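Undergrad: Next one to model:
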Amino acid sequence: MYRIKLILFSLLAIVPSLVIAQSPLYPSGSLSNYYLQRAEIKSGILRNKMFFDLQPYTRDEAATFIEKYGNELVYGADSANLKYVLTDNIGWHDKSIKSKKSILKYFYHDPANSFVVDNDNFQFFVNPVIYYSQGYERNYPLEDPIFNNERGIEVRGNIAHKLGFYTYFTDNQARYPTYVNDWLYKFQSVPGDGFWKKFKETGVDHYSARGYITFDAMKYLKFSFGHNRNFIGHGIRSLILSDFAKDYVHLKINTKIWRFNYQNIYAELTDLQPFSQPGESPRVALYPRKYFAAHYLSLDLLKNLNIGFYEGVVFFRQQRGFDFNYLNPIIFYRAVEHSIGSPDNVLIAAQVNYLPTKGVSLYGQYLIDEFKFSEVLAADKWWGNKYSIQLGLKAVDLFEVKNLDYTLEYNMVRPYTYSHDTSASNYIHFNQPLAHPLGANLKEVINKVQFIPFDKMYITATYTYSTQGVDSGGYNFGSNIFVPYSPIPWEYGVKAGQGVESNINRVDLELSYMLRHNFFIDFRTTYRNYNSDFDELDRNDLIFNLGVRWNATKQNLWF
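TA: Numbers count the residues shown, from 1 in each chain. This next block holds a predicted model:
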């Protein structure tokens, strides 16, 4: 492990002398992500400056995208949408966007930032982070409302246009809905944040912390190093690599030239072991580590067709740390696995995004965890043919209604996909899946409608139906990717949904109004019905929330 740290720090010391320019990355779930993607779909043409299947991307890319293509993309109702992107990226374009009245020169110099220092050699942006919501869950005592209290700070900037930096830190106390509490105690982890401790008997206390540095080298290379998440895909879910799990320390390299964007990730993950008392870590030793390496090639094959190819590996080496065989940025990991005689977990995947006409996007993913070609040809549904499929459609300005967008998505994950023979090589970080939040052995349909009836008003309605086969009778039917995939009940006839059938019907309605840049008033109501062939597991949740959000990212608790 010492050797890889030495290499990383040496790289960080050497490369800045070669850098051209840099900027921080967009936070996960940013409103600008949504605006930029819908602008490209609306135009019907892929723009080589942006590869939206690789998130997060940098602020300078977003600003350059709008400046270069703004005249042809911005018109009518979209003008306000893309003005938001420019306002959100002050410092990365030449347009002048200032507050009507600043405070003491440095405070609220522009609408997007509370404190600004901006000169030729140094940019420094500081913003408070506040998110408070309170609500009620049916069948929950009124004297114990559910709530979320998050406060902290976001800092970003760059030094001499060579080294970028970003940090986000919040202290959170919350009393989550019952289904989330069930997750916390079962997996001993807060989705997206990780470790928690008890707060006033029924609540939890946890931190959110992300931070990294960025730099660009030799014009075509972008580097980032630190703690963050990644997302590969165009969908609501990603079956390749999602941002559901907690952030992880990693080095990421993006090589962007012509119509190609080639990404490498080298990461350290946490193989969290169960605590005797959830929320009360014994803190007697370091959590076990495992490692993750991946590369993904995104190619704009045609002006309206993007394809991508992915390969990733999760592995563990007793006493050796990171395996240097996987540092090769262009080799096939499956070949490395065979050459060193390792039992590592290698996954390969392909993705496509097609814009058949202006305003429509068709996308999909196909991931293979393991398979045997002879068993595929036999069509006997052998258990070891582990794969997942995503099919999706996006339509913007549906029925020619401005800012009315629709997404339809189907996801299927075969049993045992993402699991492996030990927890040290499954596709999990800090007890949180790196792909679909529900794990495997499932089918899912998502319908999502987004509407902006007028500037700064946002309405989102989502209906999700998921069916999953869960374990029973001591048999592993393939839904729980946290446990080793053996023993299995039978070798053949394995299909998605086998086991005890469990269904989730979920309806979410969100109303948000932006009072000023990145300051929102939110109302949300959720109906979640879970029914299972085990009657004692059936439940109906009806949840209401009202809150304010200032520079805070939405919590990733949607599962």
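
Undergrad: Ser43 contacts Lys358, correct?
TA: Yes - using CB atoms under 8 Å, Ser43 is in contact with Lys358, at 6.6 Å. C-beta here means a position set from N, CA and C on the backbone, and glycine is covered the same way.

Undergrad: Could you list the paired strands of whatever helix or strand Ile265 lives in along with their orientation?
TA: Element membership for Ile265 (DSSP states H and E) is strand 260-270. Taking DSSP bridges as the criterion, strand 260-270 sits next to strand 248-257 (antiparallel), strand 289-302 (antiparallel) in its sheet.

Undergrad: for the record, mean pLDDT for the shortest one?
TA: In other words, strand 248-257. The average pLDDT for strand 248-257 rounds to 94.

Undergrad: Save the strands paired with strand 260-270 as a markdown table, and put in distance to Glu501 and mean neighbour count too.
TA: Formatted as a markdown table, the strands paired with strand 260-270 follow (distance: least, CB to CB, whole Å; neighbours: other CB atoms under 10 Å):
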| stretch | distance to Glu501 | mean neighbour count |
| --- | --- | --- |
| strand 248-257 | 34 | 19 |
| strand 289-302 | 33 | 20 |
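
Undergrad: Let's have these in CSV, adding distance to Tyr406.
TA: Formatted as CSV, the strands paired with strand 260-270 follow (distance: least, CB to CB, whole Å):
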stretch, distance to Tyr406
strand 248-257, 31
strand 289-302, 24
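
Undergrad: Val449: which of these is closest?
TA: Set against Val449 and scored by CB to CB, the strands paired with strand 260-270 come closest in strand 289-302, at 28.1 Å.

Undergrad: what's downstream of the closest one, the next helix or strand?
TA: Using DSSP H and E, the helix or strand that directly follows strand 289-302 along the chain is strand 305-315.

Undergrad: And that next one, what does it pack against?
TA: strand 289-302, helix 333-339, strand 345-357 (3 or more CB pairs under 8 Å, 6 or more residues apart in numbering; DSSP states H and E).

Undergrad: Report the inter-axis angle for that strand versus strand 289-302.
TA: Between strand 305-315 and strand 289-302, the angle comes out at 170 degrees (axes from the mean of the first three to the mean of the last three CA atoms, to 10 degrees).

Undergrad: Tell me what angle strand 305-315 forms with strand 345-357.
TA: Going by the same axes, to 10 degrees, strand 305-315 makes 170 degrees with strand 345-357.

Undergrad: Mind listing the strands strand 305-315 pairs with, and their directions?
TA: Here strand 305-315 is paired, per DSSP bridges, with strand 289-302 (antiparallel), strand 345-357 (antiparallel).

Undergrad: tell me the average confidence for it?
TA: For strand 305-315, the mean per-residue pLDDT is 94.

Undergrad: now stretch 156-163
TA: Regarding stretch 156-163, the rounded mean pLDDT is 86.

Undergrad: so where's the chain shaky on pLDDT?
TA: Applying pLDDT under 70 to the chain flags residues 1-22, 70-77, 94-96, 99-107, 274-285, 319-320, 331-342, 535-536, 555-558.

Undergrad: for the spatially most central residue of it, what are its contacts?
TA: Of all residues in the chain, the one closest to the mean position by CA atoms, centre = their mean is Asp243, 1.9 Å from it. Counting by CB atoms under 8 Å, 6 or more residues apart in numbering, Asp243 touches 28-29, 55, 192, 229-231, 556.
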